[in-house]
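K.L.:
no sequence on hand, only this structure:
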């Protein structure tokens with residue numbers, strides 16, 4: 001199998017992720033920190049060590065790492081917890097439905113108003129597109145680090161400075177960048193970073209997190225048992241307990257920690273360079289074919305992630321992906337849960353076929369893929 005669908009979920013997982021996740025089922029299946037016995041305390045220590053890993057990678061305080069089951073849940077918590085009735089919100093023209101649908105739902109419920117800032121390949125123009133939409137009641141800007149469909153990135157650091165200048169909360173969707181790109185909350189002025197654990201961070205499905213800048217406080221999306229302040233009728237004031245309700249996914253969290261350890265050992269820049277080399281080769285080869293349509297520039301360091309969207313002939317994207325699947329090549333066709341991105345790049349009519357390479361892909365995978373595509 002040639003797996004080119006890492007933008008959905010990374011595969012295969014590092015050996016340590018597999019073994020430590022299984023080990024967690026055996027040795028850490030205890031409610032962390034909710035019992036005074038040895039096993040519960042050891043589970044709490046293990047979970048806290050993963051908070052430390054995430055905090056160090058993205059420059060957040062460990063206690064402000066909130067574990068979720070995926071990035072969509074984290075974004076729901078971040079967005080809904082940040083807005084109040086009458087607020088104005090700005091999002092980008094490439095946002096995933098996990099942002100767009102949340103914001104639009106709040107609009108339909110007459111809680112907020114929102115505008116959409118157009119993406120531009122010119123970074124300064126992209127920032128100006130956000131700035132031109134700011135109103136007196138603009139409270140939040142939400143922007144992805146990079147597009148899950150076309151791979152292009154936003155100038156997060158510059159947008160963060162804009163938000164700081166206007167005292168606007170900045171929420172970043174890091175699903176497609178975290179683990180490969182260099183993201184630092186303090187440098188980039190990020191107030192809230194939401195990430196999936198199962199994509200570039202190489203962890204198991206069912207893992208993710210929301211990271212809060214020191215001093216950022218949200219209205220909790222959920223209420224329930226936290227293992228602390230149990231006699232109070234309201235959720236605790238302190239993080240992470242204020243936002244983590246119910247039993248944590250110890251297996252997913254511990255597996256995520258091993259994914260981060262693997263990345264730290266190899267180095268994010270090395271992983272990025274490897275993936276960029278493969279995606280650049282694929283782009284060059286596809287661009288030579290007259291029957292192939294590409295929609296974004298060639299993947300370039302710090303300008304895009306290793307993701308390519310394309311179509312062949314007048315085939316539907318689903319037909320192309322189905323032919324590739326017959327050759328045991330895994331890609332993703334259609335609209336990738338991102339209406340806005342396809343509208344922006346004018347691919348609504350048939351969607352696209354997406355190639356998203358990962359750290360375990362090889363040049364041989366790329367050669368085999370191209371041998372099949374050239375016959376279509």
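P.N.:
Happy to help now that I have it. No experiment lies behind these values; they were computed from the predicted model shown. Numbering: from 1, shown residues only.

K.L.:
run a quick neighbour tally on the residue lying closest to residue 12 once chain neighbours are set aside.
P.N.:
Distances taken as Cβ to Cβ, 6 or more residues apart in numbering place residue 360 nearest to residue 12, at 5.8 Å, with adjacent residues excluded. For the C-beta atoms, the positions are set from N, CA and C on the backbone; glycine is no exception. As a burial measure, residue 360 scores 16 neighbours (other Cβ atoms under 10 Å).

K.L.:
for residue 360, list the residues it contacts.
P.N.:
The neighbourhood of residue 360, defined by Cβ atoms under 8 Å, 6 or more residues apart in numbering, consists of 3, 11-12.

K.L.:
so where do the strands sit in this structure?
P.N.:
2-3, 65-68, 87-92, 112-117, 138-144, 169-173, 192-196, 208-212, 292-294, 307-312, 329-330, 332-334, 352-356 (DSSP state E).

K.L.:
quick one, which of those is packed in tightest?
P.N.:
strand 192-196 (a mean of 30; mean count of other Cβ atoms under 10 Å).

K.L.:
distance of the spatially most central residue of the chain from residue 149?
P.N.:
When Cα atoms, centre = their mean is applied to the chain, the residue found nearest the centroid is residue 175 (0.5 Å). According to Cβ to Cβ, to the nearest Å, residue 175 and residue 149 sit 12 Å apart.

K.L.:
kindly report the same for residue 362.
P.N.:
24 Å.

K.L.:
same thing with residue 51?
P.N.:
31 Å.

K.L.:
more neighbours: the two, which one.
P.N.:
Set side by side, residue 51 and residue 149 show more neighbours around residue 149, with 30 against 22, by other Cβ under 10 Å.

K.L.:
ok, now which ones touch that one?
P.N.:
Taking Cβ under 8 Å, 6+ apart as the test, what residue 149 contacts is 94, 307, 309, 336, 338, 341-342, 345, 352, 354.

K.L.:
now swap in residue 355 and tell me
P.N.:
4, 279, 282, 307-310, 331, 369 are the contacts of residue 355 under Cβ under 8 Å, 6+ apart.

K.L.:
check residue 50 too.
P.N.:
Neighbours of residue 50 in contact, by Cβ under 8 Å, 6+ apart: 65, 253-254, 256-257, 260.

K.L.:
do the same with residue 163
P.N.:
141, 169-170, 189, 191.

K.L.:
same thing but at 6 Å, please
P.N.:
141, 170 (Cβ atoms under 6 Å, 6 or more residues apart in numbering).

K.L.:
and if you look at residue 373?
P.N.:
Residue 373 neighbours (Cβ under 6 Å, 6+ apart): none.

K.L.:
now it: how far from residue 327?
P.N.:
10 Å.

K.L.:
for residue 62, see how far away residue 270 is.
P.N.:
Where residue 62 is concerned, residue 270 sits at a distance of 26 Å (Cβ to Cβ).
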